[in-house]
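A.B. asks: the sequence isn't on hand, but the structure is:
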């Protein structure tokens, strides 16, 4: 399957060194996703000064939100109103924010589908200018990616019910083809991207 140009590829660079990042950047990948703030802060200035869009895709620690908001253009993993309030208080320019939705995997962060609309309503009241642009999800690991299809379908439905043109960050190395077929427009590829 060829990845359509409308789908943004984010290279998940956890535990990858700067030389590996340089290599995939030279092949035209310029969206990099970090799981940990500290790993990002330890990156060389050579990497940071390139034309890279940095995405925070890991679990958010409340005491690091200020730094995350400053360092990253996108935050994929918002899951609490307290995080939204903190980002709002920092003032513009704001990162582009995605709400992480969890359809039932207790080991993952994220809000329940029924909590999405109330969260968006509170956000509008708090700061209508905060750019919440869509949803992210992280299905449980499975050896059969087809099992994640219904999960992606449900998140897409939620996205279009609550946003005009939602960003949908769905799909990783194991299930990106299914995610794209179900409407994902951002995929987060780790091992796969480094095989190119």
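C.D. replies: Structure received. All of these numbers come straight from a predicted model, not from anything done at the bench.
A.B. asks: now find how far off-centre the one helix or strand in the chain whose mean pLDDT sits lowest is within its chain.
C.D. replies: Every helix and strand of the chain was ranked by mean pLDDT, DSSP states H and E. The lowest is helix 45-48, at a mean of 88. Chain-centre distance of helix 45-48: 21 Å, with Cα atoms, centre = their mean, to the nearest Å.
A.B. asks: what of stretch 26-37?
C.D. replies: For stretch 26-37, the distance from its own C-alpha centre to the chain's C-alpha centre is 12 Å (Cα atoms, centre = their mean).
A.B. asks: and what of stretch 104-119?
C.D. replies: Relative to its parent chain, stretch 104-119 has a centroid offset of 15 Å by Cα atoms, centre = their mean.
A.B. asks: that stretch: end-to-end distance?
C.D. replies: Taking Cα to Cα, to the nearest Å, the first and last residues of stretch 104-119 lie 18 Å apart.
A.B. asks: any buried residues in it, and which?
C.D. replies: By neighbour count on 16 or more other Cβ atoms under 10 Å, the buried set for stretch 104-119 is 108, 109, 110, 111, 113, 115, 116, 119. Where you see a C-beta, it was placed from the backbone N, CA and C, and this is true even at glycine.
A.B. asks: helix, strand, or coil at the spatially most central residue of the chain?
C.D. replies: When the chain is reduced to its mean C-alpha position, the closest residue under Cα atoms, centre = their mean turns out to be residue 76, at 2.9 Å. Recorded secondary structure, residue 76: strand (DSSP: H, G, I helix; E, B strand; the rest coil).
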